[in-house]
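Visitor: show me how the following folds:
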Amino acid sequence: MFTVPAVGLTGMAVVMTAWLLLGSRPPSRRTLWTLALWGTPLLFVPPFLSGDIYSYLAQGELARRGFDPYTTGPAALDTPLTSLVSPFWQRTPSPYGPVFTLIERLIATVSGGNVHIGVTLCRLVAVGGIGLMIWAVPRLAERVGTPAEHALWLGVLNPLVLWHFIGGGHNDALMVGLVLAGFELVLAGSAWGMPLLCLAANVKVTAIVAVAVAGVELVKRRPVVGALTTLGTLAAITALASWGGGFGWVRTLTTSSSVPSWLAPTNWAGFADGSLFGVGKAIGAVLAVLAVAVLLWWQWRGRLSSPLVLGAGMAAVIVGGPVVQPWYLLWAVVPLATVIHAGRARTILVSVIAVFALVLPPVRDTGGNLALGYLIAVTAAATIGISGKKKLTNSFRPH
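Guide: Coordinates of the predicted model:
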């Protein structure tokens, strides 16, 4: 039935349109209330747009039972939970850092294997990450002269946060939250900033970009002390987090790239010729590293602000990476929201969010049903958008 994808996509499109309309004049006092209003219902529905949360639960259960999640896949459990994990990841070891494995194990212990409790706990971890974002984003924005309400609207209220951080419960929410909070604390001169950033890098290794950007800030202030603080904190936290489970996570960092991602530019040549997958990934990795290095140099020379370097560096990692998922965009979108609030750059960022907010349908379907669903959703969004824009324009006219 075409009605299933049509209803789901239309609902997503309506929320996206409402978000776009709010962007014309972001309400400073209502942004967080709007986030709560839109996000709270998503805490009480099954995970959607991705089943990664079931992989988290399975990996935690493996660790709780004494298996090594960095050598063993969820299929080893042979429990009802196993069937909820995508077939692509049944025999795949965990690609996440040791800090997140500890969190997964804690969730498995507290939930006692109950899937519903486990999903709720994973989402609460993600909500904790969003809370850190809410605290850090306006403070970072004020440092560079961006209105806090614009930064919160663009970085925290956007549909990707709703769909994937709340609805999907992705661990990227915790990583991004730790990155933003840690970064703000580093800029404020707090000793707690770098430990938070190193914790983020031990949730997902991509946060190492934030460690590097913050490290440059510390080295600019006090060269020797800054370098020792950055490297020493990273080494200490990584060693402590890996104390019980070892360093097997280093071998599995590229696990997620075992399934080709059609959204990743580095894979496009490979889809045309399978022999080019490796070449594309290698070129992407080199270009991403070079881009981050150039950005760090410009930061060192004072040509770019550190929040901008953080967002642009994360964007380079996404574009040059072997895997791209819609929620990965938030690695870059949230820090960029603190420095971009007007002009063409804002228009481009908003457009990218809007497109990726609908790139994954809420149900699995193909062919005509899905195409018709998108047509209905886009039509509804356009109608509401035009009508809402007229009402907003009229409401702001002097009477």
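Visitor: and the nearest residue to residue 97 once chain neighbours are set aside, how many neighbours?
Guide: Once its chain neighbours are removed from consideration, residue 97 has its nearest residue in residue 202; the separation is 4.0 Å (CB to CB, 6 or more residues apart in numbering). Yep, even glycine has a C-beta here, placed from its N, CA and C like the rest. A total of 26 residues lie near residue 202 under the criterion other CB atoms under 10 Å.
Visitor: now swap in residue 297 and tell me
Guide: Residues lying near residue 297 (other CB under 10 Å) number 13.
Visitor: from residue 313, how far off is it?
Guide: Distance, residue 297 to residue 313, by CB to CB, to the nearest Å: 12 Å.
Visitor: just how off-centre is stretch 127-140 within its chain?
Guide: 13 Å (CA atoms, centre = their mean, to the nearest Å).
Visitor: one step back: residue contacts, the residue nearest to residue 97?
Guide: Residues touching residue 202, when contacts are defined by CB atoms under 8 Å, 6 or more residues apart in numbering, comprise 97-100, 237-238, 241.
Visitor: so which of these are in strands?
Guide: Counted as lying in strands by DSSP state E, out of the contacts of residue 202, is not a single one.
Visitor: columns distance to residue 224, pLDDT and neighbour count on top of those, output as CSV?
Guide: As requested, the contacts of residue 202 are arranged in CSV below (distance: CB to CB, whole Å; pLDDT from 0 to 100; neighbours: other CB atoms under 10 Å):
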residue, distance to residue 224, pLDDT, neighbour count
97, 28, 94, 26
98, 29, 95, 25
99, 28, 96, 25
100, 32, 96, 25
237, 20, 95, 21
238, 21, 94, 20
241, 26, 91, 21
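Visitor: name the residues that touch the helix or strand hosting residue 151?
Guide: Secondary structure here is read from DSSP states H and E; on that basis residue 151 sits in helix 148-155. Contacting residues not belonging to helix 148-155 are listed as 19, 22-23, 26-28, 31-32, 133-134, 137-138, 140-142, 333-338, 340-341, 346, 349-350, 353 [CB under 8 Å, 6+ apart].
Visitor: ChimeraX command to pick out the buried ones of these?
Guide: Written as a ChimeraX command, the selection of buried residues from those, which uses 16 or more other CB atoms under 10 Å, is:
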select :19,22,26,31,133,134,137,138,140,141,333,334,335,336,337,338,340,341,346,349,350,353
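Visitor: in helices, which of the contacts of helix 148-155 appear?
Guide: Secondary structure assignment (DSSP state H) places 19, 22, 31-32, 133-134, 137-138, 140-142, 333-337, 346, 349-350, 353 from the contacts of helix 148-155 within helices.
Visitor: how close does the closest residue in space to residue 261 that isn't next to it in sequence sit to residue 254?
Guide: Nearest-residue entry for residue 261: residue 323, 4.3 Å, with adjacent residues in sequence omitted and distances by CB to CB, 6+ apart. Applying CB to CB, the value for residue 323 to residue 254 is 9 Å.
Visitor: mind checking the end-to-end distance for stretch 22-42?
Guide: Counting by CA to CA, to the nearest Å, you get 20 Å between the two ends of stretch 22-42.
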